[in-house]
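Visitor: A structural model of the following input is requested.
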Amino acid sequence: IPGQGVARVRIQSVSRTSARCIIPGGGNLFIDIGTPGTVMVPEERFAAPDSPSADAAPPVTEREVPDHPPWSQELDAFDTDQPLLLPPIVRDREERPTEIHGRLYAQYLHNINLYYGDNQYSIARTGIEVWVENPFGKGGGIHFDGGAFLRGYNVLNGGDDLVLQAWPTGLSYWWGGTEDQPLRFEVGRFFHNEFAEFGLLNGTEVVYRPPRGDRVGFSFGFLPVPFPYLSTGQDLAASAFYRFISDETEELQAGLGFQKSWHNGIPDRDLMIGNLGWYPSPRFSLNGSVWADFYTSADTLKNVPVQLTQGFFNATYRVGLTWGFGGHVNYFRWPETLRQLYQPISDVYLVRNQVLRVGARAWKSLGDHLRFDVRVDQWFDQDDQGTAWDVGMTLSDWPLEQYQLILGVYDTDGLYSAGPGGRVSLLRFFSKGFASIGYDSGGFLYNPSNLLFLQQAVHVALDLTLTPTTSISLSGDYRFGNRQQALTGGLYLQKRF
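Guide: Numbers count the residues shown, from 1 in each chain. Have a look, this model is predicted:
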């Protein structure tokens with residue numbers, strides 16, 4: 001996960017293009033909807049089913065076959081080595097119906113900070129996402145994603161405020177990109193289809209896919225600012241990219257893209273991105289991405305021609321069904337741009353600050369019920385460094401079915417947290433979802449006085465599937481200890497259609 005390393009989740013359901021998952025034990029980890037991931041499928045799932053024995057075969061009874069006229073359909077160029085039902089009959093785009101599907105969602109979070117005098121903060125959002133496939137009988141589709149965002153606070157001696165914002169996150173139409181239409185076009189507001197790293201675009205993207213599977217294309221349009229209101233019109237961008245595909249298995253994918261942007265007509269960012277995906281076997285996978293910014297004499301703070309801005313690599317090797325190991329590297333530093341990418345920061349911070357994280361992890365299952373996870377991370381920034389480790393144990397379906405107990409101990413040496421800690425979570429799974437309760441205790445490093453405080457938290461969660469297309473998630477946290485006392489409640493409701 002960019003910026004968060006590697007997370008392990010439990011898959012609840014999967015479809016062809018997405019999956020619904022939960023985070024065992026809860027905690028502070030947040031994974032946004034749409035984050036890509038890897039699903040590990042046990043090797044025995046790929047084994048052919050055992051052939052039934054002759055003794056188990058049902059008896060065959062003779063029945064009368066009715067007479068029928070001879071076949072009237074002539075099969076041209078029929079290959080006797082192929083199955084009888086080939087060749088398939090594919091309906092043209094004009095013959096396929098228009099299909100509409102999507103989801104409605106609503107979310108609400110409320111926090112009461114009792115430590116600072118009953119300060120209250122709330123966030124609510126609601127929206128709809130719709131896909132219309134083959135809307136005009138010519139293939140392609142329409143995508144819409146929009147909603148409203150409400151943010152409010154009531155602070156002691158600081159007044160209150162309520163802000164309502166509404167906007168379309170996405171509204172686009174695409175067509176092509178099929179075997180008989182190798183050119184794919186998309187226009188509107190959308191995330192780049194081939195290089196999502198280039199961000200949200202108000203414009204057009206063209207991608208050509210030759211017969212061997214490689215992809216080459218370009219895009220042109222305006223880049224909305226990466227803040228909730230998504231205002232646009234100040235930053236114009238042009239991108240070009242190429243992706244190599246090894247073969248039809250897509251075992252190796254390697255892409256290279258370049259984006260040039262202008263802020264209010266002034267040349268701004270020159271960004272090059274390379275990414276890699278390598279899956280030589282079901283046991284091994286390697287994913288990575290590297291961002292590099294090019295600077296000129298017009299840039300007043302960065303005095304280098306090119307600088308690595310962001311990068312991450314993640315490798316996993318599954319030795320067998322019961323154990324494996326992996327490693328990851330993450331790097332980030334601030335780029336110099338005229339476009340506002342982040343909240344305002346100082347020039348010194350932009351030039352000096354950087355962070356590098358390297359880590360390793362391993363897991364081992366002992367039987368069907370017990371699993372151990374170990375992780376070690378080392379971080380470096382421009383001034384300091386630190387180490388963190390985490391050891392966890394998960395006990396599933398023993399001694400009680402449908403229960404899961406998670407225990408963990410850890411030690412952190414960071415800028416804001418330090419010292420040992422521990423956590424425990426209990427999950428109960430049932431046919432319609434799961435419920436969980438957890439406790440976490442760790443150290444908080446108070447920088448002004450460099451004092452270490454003990455902070456604790458209790459987490460509860462309930463995730464229910466109300467109908468095959470409707471789900472609801474409820475969550476609650478109570479944080480207490482030195483310098484903190486707060487209550488947080490959350491609700492997430494989703495209806496798919």
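Visitor: mind checking how far stretch 452-472 is from the chain centre?
Guide: Taking Cα atoms, centre = their mean, to the nearest Å, the mean C-alpha location of stretch 452-472 is offset from the chain mean by 19 Å.
Visitor: Please list all residues in contact with I266.
Guide: Residues near I266 by Cβ atoms under 8 Å, 6 or more residues apart in numbering: L338. (C-beta placed from N, C-alpha, C; glycine too.)
Visitor: How confident was the prediction at it?
Guide: On the pLDDT scale, I266 is placed at 95.
Visitor: In which helix or strand does P228 reside?
Guide: In the assignment (DSSP states H and E), P228 maps to no helix and no strand.
Visitor: right, and it touches Q165 too?
Guide: Yes. The pair P228 and Q165 qualifies as a contact (Cβ atoms under 8 Å) at a distance of 5.7 Å.
Visitor: which neighbours do these two share?
Guide: Both P228 and Q165 are contacted by F149, under the criterion Cβ under 8 Å, 6+ apart.
Visitor: what's L223 sitting at in phi/psi?
Guide: Here the main-chain torsion angles of L223 (degrees, to the nearest 10) amount to phi -100, psi 110.
Visitor: Please read the previous query as pertaining to R352.
Guide: Phi and psi for R352, reported as degrees, to the nearest 10, are phi -90, psi -40.
Visitor: Skip the chain neighbours and tell me the closest residue to it.
Guide: Of all residues beyond its chain neighbours, the one nearest R352 is Q382 (4.9 Å), with distances taken as Cβ to Cβ, 6 or more residues apart in numbering.
Visitor: ok, the one you found - contacts?
Guide: With contact taken as Cβ under 8 Å, 6+ apart, Q382 is in contact with R352, N353, Q354.
Visitor: what about the second one, distance to E186?
Guide: The reference is to N353. Per Cβ to Cβ, to the nearest Å, N353 is found 36 Å from E186.
Visitor: My guess is Y173 contacts G141. True?
Guide: Yes. The pair Y173 and G141 qualifies as a contact (Cβ under 8 Å) at a distance of 7.4 Å.
Visitor: where do the contact lists of the two overlap?
Guide: Shared contacts of Y173 and G141, counting by Cβ under 8 Å, 6+ apart, come down to P135.
Visitor: Which residues does the closest residue in space to D373 that isn't next to it in sequence form beta bridges with?
Guide: Using Cβ to Cβ, 6+ apart and skipping the chain neighbours, the partner closest in space to D373 is G392 (4.4 Å). Counting by DSSP bridges, G392 is bridged to D373, G408.
Visitor: Count the residues that sit near G392.
Guide: The burial count assigned to G392 is 20, neighbours taken as other Cβ atoms under 10 Å.
Visitor: My guess is it contacts L370. True?
Guide: No. Using Cβ under 8 Å, G392 is not in contact with L370, being 11.5 Å away.
Visitor: A362 contacts F325, correct?
Guide: Yes. Under the criterion of Cβ under 8 Å, A362 makes contact with F325 at 4.0 Å.
Visitor: how about the helices in the protein?
Guide: For the chain, applying DSSP state H gives helices covering 347-352.
Visitor: mind showing which ranges of it have poor pLDDT?
Guide: By pLDDT under 70, the weakly predicted segments of the chain are 1-8, 12-18, 22-66, 71-91, 156-159, 446-450.
Visitor: re earlier: which one of the contacts of Q382 is nearest to E250?
Guide: The nearest member of the contacts of Q382 to E250, counting by Cβ to Cβ, is Q354 at 33.6 Å.
Visitor: and that closest one, what does it touch?
Guide: Y331, F332, R333, W334, D381, Q382.
Visitor: Neighbours of the closest residue to the first one other than its chain neighbours, how many?
Guide: For Y331, ignoring the flanking residues on the chain, the nearest one in space by Cβ to Cβ, 6+ apart is G311 at 4.6 Å. For G311, the count of nearby residues is 18 (other Cβ under 10 Å).
Visitor: same check, this time on T412
Guide: 19.
Visitor: how far away is the nearest residue to it once chain neighbours are set aside from Q310?
Guide: Nearest non-adjacent residue to T412, counting by Cβ to Cβ, 6+ apart: A388, 4.7 Å away. Here A388 is placed at a distance of 21 Å from Q310 (Cβ to Cβ).
Visitor: before we move on, what about D235?
Guide: For D235, the distance to Q310 - Cβ to Cβ - is 19 Å.
Visitor: same thing with W278?
Guide: Taking Cβ to Cβ, one finds W278 at 20 Å from Q310.
Visitor: Neighbour count: those two, which is higher?
Guide: Taking other Cβ under 10 Å, W278 and Q310 do not tie; Q310 has more neighbours (20 against 15).
Visitor: how about that one, what does it touch?
Guide: Per Cβ under 8 Å, 6+ apart, neighbours of Q310: S289, V290, W291, Y331, F332, R333.
Visitor: before we move on, what about G288?
Guide: Going by Cβ under 8 Å, 6+ apart, G288 touches N275, L276, G311, F312, F313, N314.
Visitor: sorry, back to before: which residues does the residue nearest to Y331 form a beta bridge with?
Guide: For G311, the beta-bridge partners are V290, Y331 (DSSP bridges).
Visitor: how many other residues sit next to the spatially closest residue to N264 that is not a sequence neighbour?
Guide: Among residues not flanking N264 along the chain, Q234 sits closest, at 5.5 Å (Cβ to Cβ, 6+ apart). Burial of Q234 is recorded as 17 neighbouring residues (other Cβ under 10 Å).
Visitor: Ok, the one 5 residues further on next?
Guide: Other residues within reach of S239 by the criterion other Cβ under 10 Å amount to 25.
Visitor: Same question for the one 10 residues further on.
Guide: Using other Cβ under 10 Å, T249 is surrounded by 10 other residues.
Visitor: Kindly provide the distance from it to S281.
Guide: Taking Cβ to Cβ, one finds T249 at 11 Å from S281.
Visitor: In CSV, list the C-alpha atoms belonging to stretch 402-419.
Guide: Coordinates of the C-alpha atoms in stretch 402-419 are reproduced here as CSV (Å, rounded to 0.1, in the frame of the first residue of the first chain):
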residue,chain,number,x,y,z
GLN,A,402,-16.0,-19.1,13.9
TYR,A,403,-13.8,-17.3,16.5
GLN,A,404,-10.4,-15.7,15.9
LEU,A,405,-8.0,-14.5,18.6
ILE,A,406,-5.2,-12.2,17.6
LEU,A,407,-2.3,-11.4,20.0
GLY,A,408,0.6,-9.1,19.3
VAL,A,409,3.6,-7.4,20.8
TYR,A,410,5.7,-4.6,19.2
ASP,A,411,8.3,-2.0,19.8
THR,A,412,8.5,1.3,18.0
ASP,A,413,11.3,3.9,17.8
GLY,A,414,9.6,6.8,15.8
LEU,A,415,9.2,10.5,15.8
TYR,A,416,5.8,10.4,17.6
SER,A,417,5.6,6.9,19.1
ALA,A,418,8.3,5.0,21.0
GLY,A,419,8.6,2.1,23.4
